[in-house]
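A.B. asks: Generate a structure from the sequence data that follows.
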Amino acid sequence: MVFALGRLALAQETTLVLDPEKTTVSFSLEATLHTVHGRFRLKSGVIQFNPAIGAASGSAVVDATSGETGNSRRDRNMHKDVLQSERYPEITFTPTRVTGSFVAQGESSVTVDGVLRLRGVEHAIALPFKNQTSDGALQATTQFTIPYVAWGLRNPSSFLRHVAEKVEVSIAAEGKLTSAAAQR
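C.D. replies: Residues are numbered from 1 along each chain as shown. Model (predicted):
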């Protein structure tokens, strides 16, 4: 009976409020003789979705100015020349569709299609999420590649230092779920 009620609740609109303190946005970039690792902070995230019809809306906002790799010179270059984070202080993901099987309790996998706004330009992207839900709490993870050079961002390579033209991104997110029925 509880399982049936959980499925029924998820057949309507559900809201996910992400917890910025419990969400990590990490990246890695292959470079000459090493891999650069870094992270960004999530500013906010509220996503509405209805898995029964595939609808999704809302946004997740990453603080572009928070990006850090542990090397101040490299970070200055990343912010000034690659991300231009003073001019574009936010990276935003706006979901448009959700597909897959989502459950109120347990493990599930979904793909969230949407638009990633990076340095003022919108790019269509599909993010595959693995989810763990329990008692209204959600933990979700995804990994994806951003072809930043193909998307018009500057490659910071130099004569002696070469970096890949794609960056690997990993997100581990936590948040709270509420259904439209519970909000009434």
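A.B. asks: In a strand, W151, correct?
C.D. replies: No. W151: not assigned to a strand; according to DSSP: H, G, I helix; E, B strand; the rest coil it is coil.
A.B. asks: which element is the closest residue to it other than its chain neighbours on?
C.D. replies: Nearest residue to W151 in three dimensions, chain neighbours excluded: H123, at 5.8 Å (Cβ to Cβ, 6 or more residues apart in numbering). (Glycine included, C-beta is placed from N, CA and C.) Using DSSP states H and E, H123 falls within strand 121-134.
A.B. asks: Surely T35 and L29 touch.
C.D. replies: Yes. Assessed by Cβ atoms under 8 Å, T35 is found in contact with L29 at 6.9 Å.
A.B. asks: of these two, who's got more company?
C.D. replies: Neighbour count, other Cβ atoms under 10 Å: between T35 and L29, L29 has more, with 21 against 11.
A.B. asks: residues contacting the spatially closest residue to the more buried one that is not a sequence neighbour?
C.D. replies: Excluding the flanking residues, the one nearest L29 by Cβ to Cβ, 6+ apart is V36, at 4.5 Å. Taking Cβ atoms under 8 Å, 6 or more residues apart in numbering, we find V36 in contact with 28-30, 69, 74, 163.
A.B. asks: For V36, what are phi and psi?
C.D. replies: phi -90, psi 130 (degrees, to the nearest 10).
A.B. asks: residue ranges with poor pLDDT in this protein?
C.D. replies: By pLDDT under 70, the weakly predicted segments of the chain are 1-11, 180-184.
A.B. asks: where along this protein do the helices fall?
C.D. replies: 2-10, 72-77, 180-183 (DSSP state H).
A.B. asks: Hmm, G120 is touching P89, no?
C.D. replies: No. In this structure G120 lies outside contact range of P89 using Cβ under 8 Å: 10.8 Å.
A.B. asks: Which residue of those two possesses the greater neighbour count?
C.D. replies: More neighbours surround P89 than the other of G120 and P89, with 16 against 10 (other Cβ under 10 Å).
A.B. asks: The more buried one and V62 touch, don't they?
C.D. replies: No. Using Cβ under 8 Å, P89 is not in contact with V62, being 9.9 Å away.
A.B. asks: number of nearby residues for S158?
C.D. replies: 10.
A.B. asks: whoops, D81 was the one
C.D. replies: Neighbours of D81 using other Cβ under 10 Å come to 12.
A.B. asks: Can you give me the end-to-end span of stretch 155-174?
C.D. replies: 32 Å (Cα to Cα, to the nearest Å).
A.B. asks: And for stretch 69-81?
C.D. replies: With Cα to Cα applied, stretch 69-81 spans 15 Å between its terminal residues.
A.B. asks: buried set for it?
C.D. replies: Residues of stretch 69-81 classed as buried by neighbour count (16 or more other Cβ atoms under 10 Å): 69, 74, 77-79.
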